[in-house]
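Participant: Sequence and computational prediction follow.
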Amino acid sequence: MDPVDIAGRFEDEKPGRVLTGPIALALTAATLAISLLALWQVFRPLAQGSKYYLIFFLAGVLPLVFLVYPADLRPPRRLRELFAGRASSASAPDATGSGGFRPTGSGPSRVDWLLAAAALAGCLYPVLPIALAGGGGGYDAFLDRQGLLVGMDVAMGSVLLFLLLEGCRRTTGWILPAVCLLFLGYGYYGGLLPQTWAVAHAGLDFGQLVDAFYNSDSGFYGTPLDVAATYIVLFTIYGAVLDLSGAGRFFVNLSAAAFRRSRTAAGRTAVASGFLLGTVSGSGAATTVSIGAVTWPILRRAGYPAERAGGMLAAAGVGAILSPPTLGAAAFIIAEYLGVSYLQVLGWAVVPTVLYYLGIVLSVEIDARRSGVRAASLAAGPAWRLLARSGYHFASLFAIVGLLAVGLSATRAVVLATVLAIVLSFLDRSHRLTPARLVAALSNGVRGVLAVTVVCAAAGVITATTTKTGLGPQAAALLVGAASAVSSEPAVVLALTALLAAVALSLLGLAVPVTASFVIGWVIIGPALLDLGVSAPAAAMFVFYFAVLSEVSPPTALAAVAAAAVTGGRLVPTMWHTLRYALPAYLIPLAFVITPTGLGLLGIGGPRRILVAAVVTALGVAVLAVAAGGWLPGVGAAGAPERVIGGAAGLTLLWLQPVPVAIGAVLAGVMAVGVFIRRGSAGPSGGTRAGSPA
């Protein structure tokens, strides 16, 4: 099966139509115009301000959603199977993918065209230069009516609200629109709740809600949409340019060449490819499928079971979203919410990224020794030769970081890096970006951001409702109150609150896309962490990590499902192996939230704090890898007692305080001694063979 089709089946965003003929040409022209507008805005911002630009950006994107994504009003696949009397097979998803969506060649229907026209009207109404039924009158007149919307304003705002929810349903499924409607219902009916309830509020009428959505800075045109229209679209264009210039294939080939003489070359190649391909793809599922299509045959020849290989591929793919220099879309929202540069956000992610991949690499090494992995021959020449020939693909990545370091904005940095990537593409005759290929890259970049844009605009329903009703502080008080009911010790309250927040974010991420999960988590859970003294960077990165980890969290675990589709492995074991490989990503955010020393993991607090936090946490990650894998490299198999002690040691080390660190180090030593004793008692010939499971 085509890897693109597999990726589409397991994305947060569902695949759209494959358009042909005049409609395809019109789509290309529209996406090209949007990309040029986004590029123009970087260097020549519209005089009326960013919201004015967002109105035109959304007016270009939302109509395309109805033309690109089919309605497909059939019930979700699981419900269809239930009524048909058939059991769902988790390990064999149907050919239509999640929710029955798949790319189709059929063109837009009349209803699609009608909705596209309505979307264009609803988006452009705020800038309508003529008076219409007491409304209209131009952009300034619309802003002057904030809080005093007339009937026409409310009607057009209601139309846009409906269309955004329908756009979300078409692109991401039913859950996010349902969540938005839940918040809408809370805003409208919350005044009927008993006023003794913590979440009760005075109540808002429908006109007030539409005003908050349509004519405020926290609604449709709030920070999430601003980020999508100024950062994400430019980075998706950059990724499309890199992809068409051959960078993706180069990264995989370089990974294979770097480890071709190693016994664990196959596993290391998969992990390194996932990290490098994250610069091209901002999706865990897409990166998983991309590296799986190339490295699964190598992993199979090396003797990796399908489920273990799938777990490795999924963990490596999701790690790409957590890794500099691009990170995921929510990272740009962090920069906007906290009012910091994107370079600072990248700096916060460096140490956690190193520790995350350290955990995966250690697990790869342990699996190779425990499972008897063979050395697989990789068809790759020397790495230095490949670097000499195609190493220029790294230049634009380094350029982004360098330009950020000298004070350039992230938007200008990525545009200049894109230009550099285009110029450098002419060094490879087969991948040079001719005018036709450049238009394709610009079009693909905008098409890749359609669903994200709709999600970000719809997230305005959540943020605006939360702001108008004060739900954020109320929910934060409930969360802290639940932790305080267990203990009055501040450290315990913080730890329990962080655990409850992690569980809540993980559950939230199962239902909605990563970007929406972060926005909801920040406005609901973020205040709870801030109220307990957690710094804003730590709280934001905590929410970010757990929003991203929804892609590897059962029972949905989209990246793991995609990996299982590539390898043909059983789904549930693949998910558990993914959890084992991704374990550091679940635990490291807790470390930088529950203790002040943990801020060193974000590069905050000076060299000494950073070094101590990184070294101790690296030891904790290593011990946890041994405990999870059941093997101490260079020694032998770890039995159940040693694994339990090692798990306790790793968790204790993550509490970055002197006493817990000392206890964790002692427990780690006990674990190692236990493994030595077990090896000695087994004798020279009684130990676990390399090819036998421990």
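Facilitator: Okay, I see it. In this text the structure is predicted, and so the values were computed from the model without any measurement.

Participant: mind listing what residue 486 touches?
Facilitator: 492, 493, 496 (C-beta atoms under 8 Å, 6 or more residues apart in numbering). Using the backbone N, CA and C atoms, a C-beta is placed for each residue, glycine as well.

Participant: Filter those residues down to the buried ones, PyMOL style.
Facilitator: Burial among those is assessed by 16 or more other C-beta atoms under 10 Å; the matching PyMOL selection reads:
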select buried, resi 493+496
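
Participant: quick one: which of the contacts of residue 486 is nearest to residue 624?
Facilitator: Using C-beta to C-beta, residue 496 comes nearest to residue 624 of those, at 21.1 Å.

Participant: give me every residue that touches that closest one.
Facilitator: Listed by C-beta under 8 Å, 6+ apart, the contact set of residue 496 reads 482, 483, 486, 487.

Participant: In terms of helices and strands, where is it?
Facilitator: Element membership for residue 496 (DSSP states H and E) is helix 490-511.

Participant: And residue 284, what's its pLDDT?
Facilitator: Looking at residue 284, its pLDDT stands at 68.

Participant: now swap in residue 94 and tell me
Facilitator: pLDDT for residue 94: 35.

Participant: go on, residue 80?
Facilitator: pLDDT, residue 80: 48.

Participant: cool, and residue 74?
Facilitator: Looking at residue 74, its pLDDT reads 64.

Participant: Near residue 487, how many other residues are there?
Facilitator: For residue 487, the neighbour count with other C-beta atoms under 10 Å is 12.

Participant: Could you list the low-confidence segments of this structure?
Facilitator: Along the chain, segments meeting pLDDT under 70 span 1-15, 74-105, 260-263, 278-284, 372, 374-381, 511, 555-556, 682-694.

Participant: Among the contacts of residue 496, which ones are in helices?
Facilitator: Of the contacts of residue 496, the ones assigned to helices by DSSP state H are 482, 483.

Participant: can you put the contacts of residue 496 in a markdown table and add distance to residue 522?
Facilitator: Listed next are the contacts of residue 496 as a markdown table, based on distance: C-beta to C-beta, whole Å:
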| residue | distance to residue 522 |
| --- | --- |
| 482 | 19 |
| 483 | 19 |
| 486 | 25 |
| 487 | 26 |
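
Participant: May I see the buried residues of the helix holding residue 496?
Facilitator: Buried residues in helix 490-511, counted by 16+ other C-beta under 10 Å: 493-498, 500-502, 504-506, 508-511.

Participant: And these, which is closest to residue 251?
Facilitator: With C-beta to C-beta as the yardstick, the closest approach to residue 251 among the buried residues of helix 490-511 comes from residue 509, at 27.2 Å.

Participant: Could you pull up the residues touching the residue nearest to the closest one when sequence neighbours are not counted?
Facilitator: Leaving out its chain neighbours, the residue that sits closest to residue 509 by C-beta to C-beta, 6 or more residues apart in numbering is residue 550, at 2.4 Å. Residue 550 is in contact with 505, 506, 508, 509, 510, 514, 517, 556, counting by C-beta under 8 Å, 6+ apart.

Participant: follow-up on the earlier one: and which of the buried residues of helix 490-511 is nearest to residue 444?
Facilitator: Using C-beta to C-beta, residue 509 is the member of these that lies nearest residue 444, at 26.7 Å.

Participant: most centrally placed residue in this structure?
Facilitator: residue 548 (4.2 Å; C-alpha atoms, centre = their mean).

Participant: Spatially nearest residue to it (excluding sequence neighbours)?
Facilitator: Residue nearest to residue 548 in three dimensions, not counting chain neighbours: residue 321, with 5.1 Å by C-beta to C-beta, 6+ apart.

Participant: Report whether the one you found is found in a strand, as I expect.
Facilitator: No. Note on residue 321: no strand contains this position according to DSSP: H, G, I helix; E, B strand; the rest coil, which reports coil.

Participant: Tell me, how many residues neighbour it?
Facilitator: Burial measure for residue 321: 26 neighbouring residues, criterion other C-beta under 10 Å.

Participant: Can you tell me which of the contacts of residue 550 is closest to residue 240?
Facilitator: Residue 240 has its nearest neighbour among the contacts of residue 550 in residue 514, at 19.6 Å by C-beta to C-beta.

Participant: hang on, isn't the closest one packed against residue 330?
Facilitator: Yes. With contact defined as C-beta atoms under 8 Å, residue 514 reaches residue 330; the gap is 6.1 Å.

Participant: Now for the two: what residues contact both?
Facilitator: Shared contacts of residue 514 and residue 330, defined by C-beta under 8 Å, 6+ apart, comprise 547, 548.

Participant: just to revisit the earlier point, I'd like the distance between the residue nearest to residue 509 and residue 480.
Facilitator: Separation of residue 550 from residue 480 (C-beta to C-beta, to the nearest Å): 24 Å.

Participant: re earlier: element containing the residue nearest to the centre of the chain?
Facilitator: Element membership for residue 548, per DSSP H and E: helix 536-548.

Participant: Does anything pack onto that helix? Which helices or strands?
Facilitator: The contact analysis (3 or more C-beta pairs under 8 Å, 6 or more residues apart in numbering; DSSP states H and E) places helix 536-548 against helix 329-338, helix 342-370, helix 490-511, helix 514-524, helix 526-531, helix 583-594.

Participant: still on that earlier bit, contacting residues for the residue nearest to the centre of the chain?
Facilitator: Taking C-beta under 8 Å, 6+ apart as the criterion, residue 548 is in contact with 284, 318, 321, 322, 328, 330, 509, 514, 585.

Participant: do the same with residue 269
Facilitator: By C-beta under 8 Å, 6+ apart, the residues touching residue 269 are 252, 255, 256, 258, 259, 295, 298, 378.

Participant: Now with 6 Å, please.
Facilitator: Contact analysis of residue 269 by C-beta atoms under 6 Å, 6 or more residues apart in numbering lists 255, 256, 259, 295.

Participant: Over to residue 179?
Facilitator: By C-beta under 6 Å, 6+ apart, residue 179 has no neighbours at all.

Participant: repeat that for 7 Å
Facilitator: Going by C-beta atoms under 7 Å, 6 or more residues apart in numbering, residue 179 touches residue 512.

Participant: The contacts of residue 486 into a markdown table, with extra columns for distance to residue 667?
Facilitator: Output for the contacts of residue 486, formatted as a markdown table (distance: C-beta to C-beta, whole Å):
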| residue | distance to residue 667 |
| --- | --- |
| 492 | 21 |
| 493 | 25 |
| 496 | 23 |
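
Participant: Tell me how far the residue nearest to residue 509 lies from residue 643.
Facilitator: For residue 550 relative to residue 643 (C-beta to C-beta), the value is 27 Å.

Participant: Can you give me the buried ones in the host helix or strand of residue 397?
Facilitator: In this assignment (DSSP H and E), residue 397 forms part of helix 395-405. Within helix 395-405, the residues that qualify as buried by neighbour count (16+ other C-beta under 10 Å) are 396, 397, 399, 400, 403, 404.

Participant: which secondary structure elements does it contact?
Facilitator: Applying 3 or more C-beta pairs under 7 Å, 6 or more residues apart in numbering; DSSP states H and E, one finds that helix 395-405 contacts helix 342-370, helix 410-424.

Participant: Among the ones you listed, which comes closest to residue 51?
Facilitator: Closest among the helices and strands packed on helix 395-405, using C-beta to C-beta: helix 410-424, at 16.6 Å.

Participant: Send me that closest one as PDB with only the CA atoms.
Facilitator: Output in PDB follows, covering the C-alpha atoms of helix 410-424 (Å, rounded to 0.1, in the frame of the first residue of the first chain):
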ATOM      1  CA  ALA A 410      10.900  33.100  13.200                       C
ATOM      2  CA  THR A 411       8.800  34.100  10.200                       C
ATOM      3  CA  ARG A 412      11.600  35.900   8.400                       C
ATOM      4  CA  ALA A 413      14.100  33.200   9.400                       C
ATOM      5  CA  VAL A 414      12.000  30.400   7.800                       C
ATOM      6  CA  VAL A 415      11.300  32.400   4.700                       C
ATOM      7  CA  LEU A 416      15.000  33.000   4.100                       C
ATOM      8  CA  ALA A 417      15.700  29.400   4.900                       C
ATOM      9  CA  THR A 418      13.100  28.400   2.300                       C
ATOM     10  CA  VAL A 419      14.800  30.600  -0.300                       C
ATOM     11  CA  LEU A 420      18.100  29.000   0.600                       C
ATOM     12  CA  ALA A 421      16.700  25.500   0.200                       C
ATOM     13  CA  ILE A 422      15.200  26.500  -3.200                       C
ATOM     14  CA  VAL A 423      18.600  27.800  -4.400                       C
ATOM     15  CA  LEU A 424      20.500  24.700  -3.100                       C
END
